[in-house]
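*Asks:* Generate a structure from the sequence data that follows.
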Amino acid sequence: MSEPALVATGLTRRFGGRVAVDSLNIEVQPGDTYGFLGPNGAGKTTAIRCMLGLIRRDAGEVRIFGNAHPVHQRRNVGALVETPTFHDWLSGRANLERSVAYAGIGDAKEIDRALHLVGLGERGDEPAGTYSLGMRQRLGIARALVGQPRLLILDEPTNGLDPRGMKEVRDLLKGLAKQDGLTILVSSHLLSEVELLCNRVGIIEKGRLIAEGTVRELVAERSQGQEVDVAVADIAKLAAALVGIDGAASVGAQPNGRTRVRLDGIDAAQLNRKLLGAGVEISALVPVTHTLEDTFLRLTSAEIS
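*Replies:* From the prediction side, this is the model:
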């Protein structure tokens, strides 16, 4: 069995008396596209910086493809952490050339390849100072790709991108994972993007892992059973009918005027028949589709960062 791409065990980081990352344990397998999620202040970026060796950790161990030595780890990792910075007077290509010279990995062909992959092939010779926020974000991803890393760690990679740009980056990352076998850990506040991109997700709060699994598993585990939204002319009559139906319970009124009903032991078709039998006139009965965002909001107590 192959070594995990990334293992963080007991990862801890304190700032004075505040514990930003608290005995965090995560494991990313080769080929995973792993979504790293958490509310504002949960410790995501601090944890990523600890994993990359950009800041010291107070406790714990990080292994990348089985290697715990920071210098050896860097040969296999490309990263973008928060908003990338560049020398504005240099071209995008020249910025990457400096990064290559500093890191000692990659060459001119690698730079061309990376610029092409992120859609900057024709803009690479323009000064970085003329780039939009989205283009700078793309250049940051290109810098992370130089050297053909086996593990890509991206903190908010679609920051500043319009919907088309977000889709292009998502398609790029999917292609890198599928065609090149690249393992990707991505932190993002755009839960819909994570749901479309990632096969596995870890959610942290207050520096601790509180849930981990595939998107489908997490949504199924936290959906609290099947739910349907019912639209009726007489809400009071619906409420009275539900009291007498085993396996159905009202969750409450929804903003669209419908009533959400949780089912336990019966399905939507059976509920429909029982309500009709009770004389309730139904204009709509719609199954509720749960999302990663629903799961996230149920699990955490703060707003998404």
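*Asks:* contacts and neighbour counts: CA atoms only from here.
*Replies:* Will do.
*Asks:* Mind naming the longest helix for the protein?
*Replies:* Looking only at the chain and at elements set by DSSP state H, the helix with the highest residue count is helix 163-179.
*Asks:* Pull out the buried positions in the helix or strand of the chain with the lowest mean pLDDT.
*Replies:* Taking all helices and strands of the chain together, the one with the lowest average confidence (mean pLDDT, DSSP states H and E) is helix 215-222, at a mean of 73. Within helix 215-222, the residues that qualify as buried by neighbour count (16 or more other C-alpha atoms under 10 Å) are Val215, Leu218, Val219, Ala220, Arg222.
*Asks:* Determine the set of other helices and strands touching that helix.
*Replies:* With contacts defined as 3 or more C-alpha pairs under 8 Å, 6 or more residues apart in numbering; DSSP states H and E, the packing partners of helix 215-222 are helix 292-299.
*Asks:* Just say helix, strand or coil for His87.
*Replies:* Each residue gets one of three states, and His87 gets coil by DSSP: H, G, I helix; E, B strand; the rest coil.
*Asks:* Now do the phi/psi pair for it.
*Replies:* Here is the backbone geometry of His87 (degrees, to the nearest 10): phi -80, psi 110.
*Asks:* That one: what's it in contact with?
*Replies:* Taking C-alpha atoms under 8 Å, 6 or more residues apart in numbering, we find His87 in contact with Asn95, Ala128, Gly129.
*Asks:* For it, give me the pLDDT.
*Replies:* As summarised for this prediction, His87 has a pLDDT of 94.
*Asks:* rewinding a little: who's in contact with the least confident helix or strand of the chain?
*Replies:* Contacts to helix 215-222, defined as C-alpha under 8 Å, 6+ apart, come from residues 195, 198-201, 211-212, 290-292, 294-295, 298.
*Asks:* Mind giving me the ChimeraX command for buried ones among those?
*Replies:* For selection in ChimeraX, the members of the contacts of helix 215-222 meeting the burial criterion (16+ other C-alpha under 10 Å) are listed in this command:
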select :195,198,199,200,201,212,290,291,292,295
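*Asks:* nearest to Leu139, of the contacts of helix 215-222?
*Replies:* Closest approach to Leu139 among the contacts of helix 215-222 (C-alpha to C-alpha): Cys198, at 22.1 Å.
*Asks:* in the sheet, who's paired with the residue lying closest to the closest one once chain neighbours are set aside?
*Replies:* With C-alpha to C-alpha, 6 or more residues apart in numbering as the measure, Thr33 is the residue that lies nearest to Cys198, at 4.8 Å, once sequence neighbours are left out. Residues found in beta-bridge contact with Thr33 (criterion: DSSP bridges) are Ile184.
*Asks:* Next, count neighbours for Thr33.
*Replies:* 27 (other C-alpha atoms under 10 Å).
*Asks:* With Arg93 instead?
*Replies:* With neighbours defined by other C-alpha under 10 Å, the count for Arg93 comes to 25.
*Asks:* Might you report the residue contacts of it?
*Replies:* Under the criterion of C-alpha under 8 Å, 6+ apart, the neighbours of Arg93 are Ile111, Leu115, Gly124, Asp125.
*Asks:* Show me the domain layout of this protein.
*Replies:* Taking automatic domain parsing as the reference, the chain has its domains at 6-220, 224-287.
*Asks:* ranking these by burial, who's on top?
*Replies:* Each of the domains of the chain was scored by mean neighbour count; the highest is domain 6-220, a mean of 19, by mean count of other C-alpha atoms under 10 Å.
*Asks:* Closest one to Gly66 out of the buried residues of helix 215-222, please.
*Replies:* Scanning the buried residues of helix 215-222 for proximity to Gly66, where the rule is C-alpha to C-alpha, the winner is Val215, at 25.8 Å.
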